[in-house]
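> pasted the sequence and its predicted model underneath.
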Amino acid sequence: MTAEPTTIEVSGEPAYDVRVGAGVRHELAGRLPDTAERVAVIHPAALASVAESVAADVRATGRRVVSIDVPDAESAKTADVAARCWTTLGRNGFTRTDLVVGVGGGATTDLAGFVAATWLRGVPVIQVPTTLLGMVDAAVGGKTGINTAEGKNLVGAFHPPLFVLCDLETLSSVPPADYVGGVAEVIKAGFVRDPGILDLVADDLPGAVTPQGQHTVELITRAIQVKADVVGVDLREAGEREILNYGHTLGHAIERREQYRWRHGAAVAVGMVFAAELSRLAGRLSAGEVQRHRALLGGVGLPVSYPADAWPDLNETMRLDKKARGSVLRFVILDQIGRPARLDGPDPHLLAAAYGEVAR
């Protein structure tokens, strides 16, 4: 991964850019607003060395840095952890001109963005995602949030970053299972908008699950471009942005049932197969296109089925999904690969039948 860094523009209000390339985290200090005197770097303990490299660059500019270590993965996304971050900001005198930097995976960037969005009703945030999932999904788009006992990301805010730095060097330390989890979101971008992504994955299945793959840089940049194109016209999920939730309605329910022990991408992979089967049973998607879901997702090592006896719990949990309106469940489905659509209030028997195909 020695290609020159790429810049992807995210339009909207405000607009910002995403830089993708090896070593780009070191660009952060040179792009800080002149008004920022204090910088909080929120990171999991496991990424202390990466966070310190960012902090050292910032200190070299004469600014004060406060490092805040948080739990790993979804354990970071709680009200208690957010409150601890707020306390640290308060004790260190953070004002509206100071800023927050999130260094870590998707859970860390979700938390850092939420802390920034809520401190003094909003301070700037810069995201430095270090995992594939963080780069292609969580850190881009301005959605921030924490979890509650009732579900995932039910408390949050829309708070776009100043910019995002996707340093490909950090991917070398991502555990293989976590990297594969991120591949689910890459494949999702292919299903909803850019089928060329699916061709690249199919061309080299072993390479798709490693940072050293021949198509890695192109897969990452294309997936980010899909998200940038969508969120640039729909920040607050008023319409177009919902397509990015393909597979997430059931996926989030699985995550909650598993008490977040399942990786996000694994749960979403099952959710995409469910959404594809729902699309087929609704007369919208061909059996061959459903099979392509199973072939690609299963081919990179992601799960494509879930226990049959879980359906009652999952069905109930889905009704708390953010896309639901009142008592009406809403799903992102496909008319064909690359052409997403919405299905509102599907017949309960149709849902059960689609899940029956997942539980085979």
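Cool, got the structure.
> where do the helices sit along this structure?
Ranges of helices in the chain, per DSSP state H, are 48-59, 79-91, 106-118, 132-133, 176-192, 195-203, 205-208, 216-231, 248-257, 264-281, 287-299, 311-318, 348-358.
> need those helices in a markdown table (columns: mean pLDDT, distance to Asp98 and mean neighbour count).
To be clear about C-beta, it is placed using only N, CA and C from the backbone, and glycine gets the same treatment. Listed next are these as a markdown table, based on pLDDT from 0 to 100; distance: least, C-beta to C-beta, whole Å; neighbours: other C-beta atoms under 10 Å:
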| stretch | mean pLDDT | distance to Asp98 | mean neighbour count |
| --- | --- | --- | --- |
| helix 48-59 | 96 | 12 | 18 |
| helix 79-91 | 97 | 8 | 15 |
| helix 106-118 | 96 | 10 | 27 |
| helix 132-133 | 96 | 28 | 29 |
| helix 176-192 | 97 | 31 | 24 |
| helix 195-203 | 98 | 38 | 17 |
| helix 205-208 | 96 | 40 | 17 |
| helix 216-231 | 95 | 26 | 22 |
| helix 248-257 | 94 | 33 | 25 |
| helix 264-281 | 97 | 30 | 27 |
| helix 287-299 | 98 | 42 | 17 |
| helix 311-318 | 94 | 38 | 16 |
| helix 348-358 | 96 | 47 | 16 |
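> and these as JSON lines, adding distance to Pro14?
What follows is the helices of the chain, written out as JSON lines (distance: least, C-beta to C-beta, whole Å):
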{"stretch": "helix 48-59", "distance to Pro14": "22"}
{"stretch": "helix 79-91", "distance to Pro14": "22"}
{"stretch": "helix 106-118", "distance to Pro14": "14"}
{"stretch": "helix 132-133", "distance to Pro14": "24"}
{"stretch": "helix 176-192", "distance to Pro14": "23"}
{"stretch": "helix 195-203", "distance to Pro14": "28"}
{"stretch": "helix 205-208", "distance to Pro14": "33"}
{"stretch": "helix 216-231", "distance to Pro14": "12"}
{"stretch": "helix 248-257", "distance to Pro14": "26"}
{"stretch": "helix 264-281", "distance to Pro14": "27"}
{"stretch": "helix 287-299", "distance to Pro14": "35"}
{"stretch": "helix 311-318", "distance to Pro14": "33"}
{"stretch": "helix 348-358", "distance to Pro14": "39"}
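> any idea which of these gets closest to Asp335?
Closest to Asp335 of these is helix 264-281 (C-beta to C-beta; 7.5 Å).
> packing partners of the closest one?
The contact analysis (3 or more C-beta pairs under 8 Å, 6 or more residues apart in numbering; DSSP states H and E) places helix 264-281 against helix 176-192, helix 248-257, helix 287-299, strand 330-336, strand 339-344, helix 348-358.
> may I have the phi/psi pair for Glu212?
Let me fix one detail, which is that residue 212 is Gln and not Glu. Note on Gln212: backbone dihedrals following degrees, to the nearest 10 are phi -90, psi 10.
> pull the number of nearby residues for it.
Residues contacting Gln212 under the criterion other C-beta atoms under 10 Å number 9.
> same deal with Ala15?
10.
> adding distance to Thr61, write the helices and strands packed on helix 264-281 out as a markdown table.
Formatted as a markdown table, the helices and strands packed on helix 264-281 follow (distance: least, C-beta to C-beta, whole Å):
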| stretch | distance to Thr61 |
| --- | --- |
| helix 176-192 | 32 |
| helix 248-257 | 39 |
| helix 287-299 | 44 |
| strand 330-336 | 43 |
| strand 339-344 | 44 |
| helix 348-358 | 52 |
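> nearest to Ala40, of the helices of the chain?
Closest of the helices of the chain to Ala40 is helix 79-91, at 6.1 Å (criterion: C-beta to C-beta).
> give me the contact list for that closest one.
Residues outside helix 79-91 that contact it (C-beta atoms under 8 Å, 6 or more residues apart in numbering): 40, 42, 66, 68, 70-71, 75, 100, 111, 114-115, 118-119, 146, 148, 155.
> just give me how far it sits from the chain centre.
23 Å (C-alpha atoms, centre = their mean, to the nearest Å).
> can you pull the phi/psi pair for the closest residue to Ala308 other than its chain neighbours?
Leaving aside its sequence neighbours, Ala308 sits nearest to Ala359 (C-beta to C-beta, 6 or more residues apart in numbering; 3.8 Å). Taking degrees, to the nearest 10, you get phi -90, psi 10 for the backbone angles of Ala359.
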